[in-house]
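A.B. asks: Got a sequence here, can you model it:
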Amino acid sequence: MSKRILEIYALSVCFVSIGCLSIFGGIFLYTLVEISFPSKMIPSPRHYPPPIFSQNGTMTTPMFPGQPLPEISGPEVAENADEKNRQFQEERKRFEILEVERIRTESNMSIVRSIIIIFIASIVFVFHWRIAKRARNNDT
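C.D. replies: Below is the predicted model:
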């Protein structure tokens, strides 16, 4: 009877380790795609700075979605709207570069994490599979 319980235990651990292998194998493959195409894998537009609207040449942005923009009077109109637009475009490009670097860094950490877990789950699987085989052979 104890050999039967040992076999059930070992096969249960094998089942769980196969689940870990499949989950973290999928995460590993997804992370490889993230590293290969980082600009395509930017999570969503919510990570970008809020949209900027031009009112009479002055760039403004709402604090919350749907919030009305503040009114800008005539004297506050920027004489150098082109300069502000250029600064905005430079800031947008810098943000995208930083976002791609963040994705690469997180992807590298995720790959290392996945490899470690896959390695450990593989060792646990092989060890317990042998225990289950021995228990089955000794039981018969």
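A.B. asks: mind listing the strands for the chain?
C.D. replies: Applying DSSP state E to the chain gives strands spanning 53-55, 58-60.
A.B. asks: Please enumerate the helices of this protein.
C.D. replies: Here the chain has its helices, by DSSP state H, at 2-36, 81-139.
A.B. asks: Mean neighbour count and mean pLDDT added to those helices, as CSV?
C.D. replies: To be clear about C-beta, it is placed using only N, CA and C from the backbone, and glycine gets the same treatment. Below are the helices of the chain laid out as CSV (neighbours: other CB atoms under 10 Å; pLDDT from 0 to 100):
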stretch, mean neighbour count, mean pLDDT
helix 2-36, 15, 92
helix 81-139, 14, 86
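A.B. asks: distance of I120 from F37?
C.D. replies: Distance of I120 to F37, computed by CB to CB, to the nearest Å: 29 Å.
A.B. asks: Tell me the pLDDT of P38.
C.D. replies: On pLDDT, P38 comes in at 76.
A.B. asks: neighbours of it, just the number please.
C.D. replies: Neighbourhood size, P38 [other CB atoms under 10 Å]: 16.
A.B. asks: if I look at it, how far off is G26?
C.D. replies: According to CB to CB, P38 stands 19 Å off from G26.
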